[in-house]
Structure formats: structure tokens, C-alpha cells
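K.L.:
Build me a model from this:
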Amino acid sequence: MFRPQTILHPTDYSESSSYALQIAADLARQLQAKILILHVAETLGPENVTFGEATSQLEPASYRHRLEEDLRQRVPAPSGILVEYILEAGDIIEEIESTAQKLACDLIVMGTHGRTGLSHLVMGSIAEKVIRLAPCPVLTTKIPHPKTSS
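P.N.:
Alright, predicted model coming up:
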């Protein structure tokens, strides 16, 4: 029986990601698993340091700290579940794959934006690429459409 103990949830702070976290949390509760909440920033380098930080020659550590605090505030830990927050920088797909590999994740639960047509062709699908490259199973979710009565 498949019983994931470490669930990776990549988030981009979207509504789709929030919905995926709800599903990851339900699974984690049922299986007594932990959730790793991952956010991949474009960069954590010096170009994102404020003028005050640059003039006082602080490391970009304070910028990283602000991003970590933002992650914790924007994606509150679901109650009753062991949660760890991870902040990485770089290519989203590479960082998701690398994190899943390094931390021996058993399952990735992520939202999809449901792009179709030209926007899908141009933007590609992060979820599709993660599915192809991930070292573990990937559960993709989308926000269900409200049911209409006929």
C-alpha cells in the first residue's frame, strides 16, 4: 500500500496552490505524514537588497528572512500537521525536483492553473515538467468548477 510520509507542496501563492495544500493536508492527516511547503523565488541574490542593506553592507540574509516570513504568513501551516517551510531560488522545476530528491519526498501535491491553447503552448506547464522529472509520484489538482443545476 502506498503510504507517503513526506509530502512536498510547491506553492506560488495562487488560489490553485492553496487548494492543493488543502488536499495535501487531508492526506497528511490521514497518513500522519509531514508536509514540506516549498516556495521558489526567482533570486535571493544581491539585486534584491534594499538600498539601506546595501549601504550598510548587510548580507542578503535579511532579504531572505523577509521572504521566509512572507512564506509563513501567506501559507499558514494547516493545524495538526507537522510542516516545514523551504525557500529556494532558481529554476522552479529544477528546485522542485532537487528538493524532492534531497529530502526523499514520497509524494508531490501541486496545483495547476489549467492553461489551455496558446498560453499553455507559450508558458508550458510546470506541473507537466515536474511529472516528467520528479523522483516520486505527483498529484496535480485543479480548483473544481461549481456545479450547475440544469
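K.L.:
What does the pLDDT read for residue 6?
P.N.:
Model confidence at residue 6, given as pLDDT, is 98.
K.L.:
Now do the contacts for residue 98.
P.N.:
For residue 98, the contact set (Cβ atoms under 8 Å, 6 or more residues apart in numbering) comprises residue 88. Bear in mind the C-beta positions are built from the backbone N, C-alpha and C, glycine included.
K.L.:
Any stretches of the protein with poor pLDDT?
P.N.:
Within the chain, the stretches with pLDDT under 70 are 43-60, 114-124, 149-150.
K.L.:
Quick one: the strands in it, in order.
P.N.:
In the chain, the segments counted as strands under DSSP state E are 6-10, 34-41, 83-89, 107-111, 138-141.
K.L.:
helices or strands next to the third one in the packing?
P.N.:
In this case it means strand 83-89. strand 34-41, helix 61-74, helix 92-102 (3 or more Cβ pairs under 8 Å, 6 or more residues apart in numbering; DSSP states H and E).
K.L.:
which residues sit against it?
P.N.:
With Cβ under 8 Å, 6+ apart as the contact definition, strand 83-89 has outside contacts at 34-45, 64, 67-68, 71-72, 75, 77, 95, 98-99.
K.L.:
returning to that earlier point: out of the helices and strands packed on strand 83-89, nearest to residue 82?
P.N.:
Taking Cβ to Cβ, strand 34-41 is the member of those nearest to residue 82, at 4.0 Å.
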